[in-house]
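J.: Turn this into a structure:
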Amino acid sequence: MRVFVATPPKNQTGELQRLTLLFKIGLSTLHVRKPKLSAAEVDDYISSIPSKYHSRIIVHGNYPLVKKYGLKGYCIKRRHRSDKRKNLFQRLILRIRYPKKVVCASFKSIHSFRDSRKSAFDYVVLSNLMSIIPGKNLSVNNVKMINATIGKCEVPVLAQGGIDSSIAEQLKQAGFEGVILTSSVFETDEEKCVEEYTTFLNL
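T.: This is a model prediction of the structure:
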C-alpha cells in the first residue's frame, strides 16, 4: 500500500523535525497543503525542508514552486478542476510546462470520483474520509459501498482524513491503493509515528 503524508494545515511545533524523521525512514511523498499561508509563506516553508527531499514533495496549488524547487508534482485546486475553457487551458499549460511531474486531485465526496474518470490525474485523494461516510465508521456495508465506487475509478484512489492504523485492513478491503496520513503521525510521539507509518506500509 502507498503511504504518503500531508502537512498539518497549521504549522506545529517540531513539524519539520517530524518530517525529517519520516523522510529518513522512507517517506516517498509529502503533500504540502497550507491553506492559511500565503504563496510567499508556502515558498518559505518548502525552502526550510532539506533540498534533498524536495523531489518527494507534492504542492497544493502554488504551481510555480514545482519548477523553482524541482518538486515531485502538484495537486490541482478544486476551482481549477472544472471544464471551463480557462481551466482546461491552464491545466494544459501546466502539463506542457511540467510534463514529467505527478498530478493529483483531492475530492470531498465519494460520488465525485466520477469526475476523476475523465481527468488525466495520476491518482486522486478522498479527503475527510471518516467524516463523510455513513455513521462515521467503516462497517461491512460502508466498505462494500466504497469499494463499488472506487472500482469505477480509472486511477488509483488514496484515503485521507481521520484515519489511523486501527482501520488499516478495512481501508485495504475498501479498495484504496494507499493512504495519506496527517494527525496519526504528527499528533503523537516519534515511536507511535513510526508505528503508524510502517503498519500501512506493510499491508
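
J.: quick one: contacts for the residue of the chain most remote from its centre?
T.: Computed with C-alpha atoms, centre = their mean, the residue of the chain farthest from its C-alpha average is Arg85, at 26.4 Å. Taking C-beta atoms under 8 Å, 6 or more residues apart in numbering as the criterion, Arg85 is in contact with no other residue. Glycine gets a C-beta too; all of them are placed from N, C-alpha and C.

J.: mind checking how far it is from Tyr63?
T.: 18 Å (C-beta to C-beta, to the nearest Å).

J.: likewise Gly73?
T.: From Gly73 to Tyr63 the distance is 10 Å (C-beta to C-beta).

J.: Any buried residues in the host helix or strand of Phe89, and which?
T.: Phe89 is located in helix 85-97, with elements delineated by DSSP states H and E. Counting neighbours by 16 or more other C-beta atoms under 10 Å, one finds that the buried residues in helix 85-97 are Arg91, Leu94.

J.: With stretch 24-41 instead?
T.: Of the residues in stretch 24-41, those buried under the neighbour-count criterion (16+ other C-beta under 10 Å) are Leu27, Thr29, Leu30, His31, Val32, Arg33, Lys34, Leu37.

J.: what does stretch 65-78 give?
T.: Neighbour counts using 16+ other C-beta under 10 Å place Leu65, Val66, Tyr69, Leu71, Lys72, Gly73, Tyr74, Cys75, Ile76 of stretch 65-78 among the buried residues.

J.: Please tell me I have it right and the fourth one contacts Ile58.
T.: This means Leu71. Yes - using C-beta atoms under 8 Å, Leu71 makes contact with Ile58 at a distance of 7.0 Å.

J.: where does this protein have its least confident helix or strand?
T.: For the chain, the helix or strand with the lowest mean confidence is helix 113-116, at a mean of 65 (criterion: mean pLDDT, DSSP states H and E).

J.: how much space between the residue farthest from the centre of the chain and Arg79?
T.: 14 Å.

J.: Output the contacting helices and strands for the helix or strand just after the least confident helix or strand of the chain.
T.: Scanning forward in sequence from helix 113-116 by DSSP H and E, the next helix or strand is strand 123-126. Applying 3 or more C-beta pairs under 8 Å, 6 or more residues apart in numbering; DSSP states H and E, one finds that strand 123-126 makes contact with strand 102-107, helix 113-116, strand 157-160.
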